[in-house]
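[1] My questions are about this predicted structure, shown below with the sequence.
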Amino acid sequence: MKISFHGAARTVTGSKHLIHLDNDKKILLDCGLFQGLGKETLELNSNWGFEPKDVTYVIISHAHIDHIGLLPKLVKDGFKGKIYCTPQTLELGRLLMLDSAHIQEMEETHINKIRERQQRPLIDALYTEDDVEKVLPLIVTVPYNKPYKIDNSIELRYTNTGHILGSAAISLKLKEGDKTTALTFSGDVGRYNDMILSSPKDFPQADHIIMESTYGDKLHSVLHSATDKLLDVIEKTCIERKGKLIIPAFSVGRTQEILYLLNRLDTEHRLPKINYYVDSPLSIEATQIMKNNPECFNEQVRDLLKKDDDVFDFPGLHYTQNVDESIALTASKEACVIISASGMAEAGRVKHHIAGSIDDPYCTIMLVGYCEPHSLGGQLHNGAKEVYIYGERREVKANIESIDSMSAHADYNDLLKWLSCQNTAEVKNIYLVHGEYEVQQAFREKLLHKGFKHVSIPYLHEEADPLGMGKLKPEAAQ
């Protein structure tokens, strides 16, 4: 058995890890889109580093687009096997992939208009909505905590990681000859004090672990500070300065968390009486899917549902349904809160809202989760005084705020807690993925201190031989 790493290797997006078995079967763990990497993004998403038609199975950890977003291109480029995920991941993944295809087709049109004027070669969208529809018949859903035999040599078990609805760690039993190897891929691990979802669950003892490390060097602040910080920013921006508060938020997970916090402030009679807009059709559908899966909520939210039948609703909340309403909202001078996708502010309606307010010192842009450093959200988070939006240089005059504690990713204490179900003596290798290299180096030291013997940090297209005790060797990209 060998493992090669074709995404989220010393970076945070594009999750793709390929297991090569001795019987020539190949299992792709996740098939994610690279995001927010500037000019490199398109090239990274266009080149696999492996041949899609040679992949036997795909197993998906969760529905975020950096973990599922290249499935339509994989099928378009020749993959014909089965794709496995949880039932909730299928519900959310279909929405997110269709949305991704729509964005790409729009960007293709926009970019090609510019390239045509410049007499440069035109580009093609990575995939279309028709390509997304070709993925869906290949998907097989597998529930949590039930061993599922993919074939005679591969057994899958999903365990809840509490990151988003349907997120799961992938635990595999891989049989090669008379030897069985246990391998677990974490996907993205959530938090043990998540405001909505149940906590991550223990997973079976593993010989080898591929593990995310997004916040491997950070500790999140406590939850109540997120509620108070949100209220403080609303009051200063919308009440005192009469400006707009714009919150870039992922449609799945983060938008629902913000709505939950606003609902909490309303039940405590502390929510300012202004208008709150969710400007994202995808967020509307994702919120309904969340409401349809209350069994995934934590005990506190389930108790609250006995008194409040909709923890994501409150007076003053409005959903914009069409582009005209969104355009009018951007042009409006109303003091209000606008929650819109995408979370890194790289695409979608929120980019227009930011463009309309970034030079207004009365307005605020509040970032509420991880942003890749090269993305627009990442630049704002890191204090950029000037940014480029739609190719135009813009001076940052709006106030920039952040609530890092709202991240759906585990901090290093949560990650270590997730690993605490493992006997360190039996874990032969840990491979750190889905993190910035400096962060991974810091987390590696914490794992070594905890007693894990071999902790590696692969880079893009590198190949690992687990029997070689974690040593890596380059694999030429095709």
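    Cool, got the structure.
[2] List the buried residues of stretch 302-318.
    Residues of stretch 302-318 classed as buried by neighbour count (16 or more other C-beta atoms under 10 Å): Leu304, Val311, Phe312, Phe314, Leu317. C-beta here means a position set from N, CA and C on the backbone, and glycine is covered the same way.
[3] Same question for stretch 413-433.
    Of all the residues in stretch 413-433, those buried under the rule 16+ other C-beta under 10 Å are 414-419, 422, 427-433.
[4] what does stretch 342-357 contact?
    35-36, 103, 107, 243-244, 246, 248-251, 254, 279-280, 326-327, 329-331, 338, 340-341, 363, 365, 367-372, 375-378, 380, 389-390, 394, 398 (C-beta atoms under 8 Å, 6 or more residues apart in numbering).
[5] Where helices are concerned, which of those count?
    Members of the contacts of stretch 342-357 lying in helices (criterion: DSSP state H): Ile103, Glu107, Arg254, Ser326, Ile327, Leu329, Thr330, Ala331, Leu376, Gly377, Gly378, Leu380.
[6] where in the stretch 351-478 of the chain is pLDDT low?
    467-478 (pLDDT under 70).
[7] please redo it, this time with the cut-off set to 90
    Counting by pLDDT under 90, the ranges of the stretch 351-478 of the chain that qualify are 369-375, 389-392, 403-409, 465-478.
[8] residue ranges for the strands of the stretch 301-450 of the chain, please.
    Remark: strands assigned in the stretch 301-450 of the chain by DSSP state E, counting those that start in this stretch are 317-319, 336-340, 364-367, 386-389, 392-395, 399-402, 429-433.
[9] before we move on, the earlier item: out of the buried residues of stretch 413-433, which is nearest to His20?
    Tyr431 (14.2 Å; C-beta to C-beta).
[10] low pLDDT regions in the stretch 201-350 of the chain?
    Flagging of the stretch 201-350 of the chain using pLDDT under 90 yields the residue ranges 219-227, 250-254, 280-284, 304-309, 321-322, 341-349.
[11] how about the strands of the stretch 51-200 of the chain, start to end?
    Using DSSP E, counting those that start in this stretch, strands in the stretch 51-200 of the chain cover 57-59, 82-85, 139-141, 148-151, 154-160, 168-176, 179-185.
[12] for the ones you listed, which one sits closest to Ala286?
    Nearest to Ala286, of all the strands of the stretch 51-200 of the chain, is strand 82-85, at 15.9 Å by C-beta to C-beta.
[13] Report the buried residues of that closest one.
    Within strand 82-85, judged by 16+ other C-beta under 10 Å, the buried ones are Ile83, Tyr84, Cys85.
[14] just how off-centre is that strand within its chain?
    Its chain's C-alpha centre lies 18 Å from the corresponding centre of strand 82-85 when counted by C-alpha atoms, centre = their mean, to the nearest Å.
[15] what pairs with that strand, and is each one parallel or antiparallel?
    Applying DSSP bridges to the sheet, strand 82-85 is found paired with strand 57-59 (parallel), strand 139-141 (parallel).
[16] could the ones you listed be laid out in CSV, adding mean neighbour count, mean pLDDT and distance to Lys385?
    Converted to CSV, the strands paired with strand 82-85 look like this (neighbours: other C-beta atoms under 10 Å; pLDDT from 0 to 100; distance: least, C-beta to C-beta, whole Å):
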stretch, mean neighbour count, mean pLDDT, distance to Lys385
strand 57-59, 24, 98, 43
strand 139-141, 16, 98, 46
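[17] can you put those in JSON lines and add distance to Ala345?
    JSON lines is the format used below for the strands paired with strand 82-85 (distance: least, C-beta to C-beta, whole Å):
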{"stretch": "strand 57-59", "distance to Ala345": "29"}
{"stretch": "strand 139-141", "distance to Ala345": "30"}
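[18] from memory Lys229 sits against Ile403, does it?
    Yes. Lys229 is within contact range of Ile403, at 5.2 Å (criterion: C-beta atoms under 8 Å).
[19] quick one: which of these two has more around it?
    Each of Lys229 and Ile403 has its neighbours counted (other C-beta atoms under 10 Å); Ile403 has more, 23 against 20.
[20] Distance-wise, check that one relative to Thr364.
    As defined by C-beta to C-beta, to the nearest Å, Ile403 lies at a distance of 12 Å from Thr364.
[21] and if you look at Val252?
    24 Å.
[22] neighbour count winner among the two?
    Val252 (29 against 23).
[23] From the contacts of stretch 342-357, list just the buried residues.
    Buried residues within the contacts of stretch 342-357, counting neighbours by 16+ other C-beta under 10 Å: 35-36, 103, 243-244, 246, 248-251, 254, 279-280, 326, 329-330, 338, 340-341, 363, 365, 367-372, 375-378, 380, 394, 398.
[24] Residue ranges of each domain in the protein, please.
    With domains defined by automatic domain parsing, the chain comprises 2-218+408-474, 223-406.
[25] Ser402 is in contact with Gly383, isn't it?
    No. Applying C-beta under 8 Å as the test, Ser402 and Gly383 come out as separate, 10.7 Å apart.
[26] okay, these two: which has more neighbours?
    Neighbour totals were compared for Ser402 and Gly383, and Ser402 leads with 17 against 8 (other C-beta under 10 Å).
[27] Tell me the confidence at Leu122?
    At Leu122, the pLDDT value in this model is 87.
[28] Show the contacting residues for the residue most central in space within the chain.
    Centroid check for the chain by C-alpha atoms, centre = their mean gives His64 as the closest residue, at 4.2 Å. His64 makes contact with Gly32, Leu96, Ile164, Asp188, Phe250, Val252 under the criterion C-beta under 8 Å, 6+ apart.
[29] Looking at the residue lying closest to the second one once chain neighbours are set aside now. What's its pLDDT?
    By that I understand Leu96. Of all residues not flanking Leu96 in the chain, Ile65 sits nearest, at 5.3 Å (C-beta to C-beta, 6 or more residues apart in numbering). Per-residue confidence (pLDDT) for Ile65: 93.
[30] What of Asp131?
    96.
[31] My read is that Ile284 contacts Val278, right?
    Yes. Applying C-beta under 8 Å, one finds Ile284 in contact with Val278, separated by 6.7 Å.
[32] got any residues that touch both of these two?
    What both Ile284 and Val278 touch, as defined by C-beta under 8 Å, 6+ apart, is the set Tyr319.
[33] Distance to Ser199 added to the strands of the stretch 301-450 of the chain, as CSV?
    Shown next, in CSV, are the strands of the stretch 301-450 of the chain (distance: least, C-beta to C-beta, whole Å):
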stretch, distance to Ser199
strand 317-319, 28
strand 336-340, 25
strand 364-367, 25
strand 386-389, 37
strand 392-395, 41
strand 399-402, 25
strand 429-433, 21
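[34] which of the strands of the stretch 51-200 of the chain sits most buried?
    The highest mean neighbour count among those, using mean count of other C-beta atoms under 10 Å, belongs to strand 57-59: a mean of 24.
[35] residues of stretch 87-101 that come out buried?
    Quick answer for stretch 87-101 (16+ other C-beta under 10 Å): 88-101.
[36] Could you do stretch 355-364 as well?
    Neighbour-count burial for stretch 355-364, counted by 16+ other C-beta under 10 Å, picks out Ala355, Gly356, Ser357, Ile358, Tyr362, Cys363, Thr364.
[37] Stretch 194-214 too?
    194-201, 203, 206-214.
[38] Also stretch 264-280?
    Neighbour counts over stretch 264-280 (16+ other C-beta under 10 Å) mark Arg264, Leu265, Asp266, Leu271, Pro272, Asn275, Tyr276, Tyr277, Val278, Asp279, Ser280 as buried.
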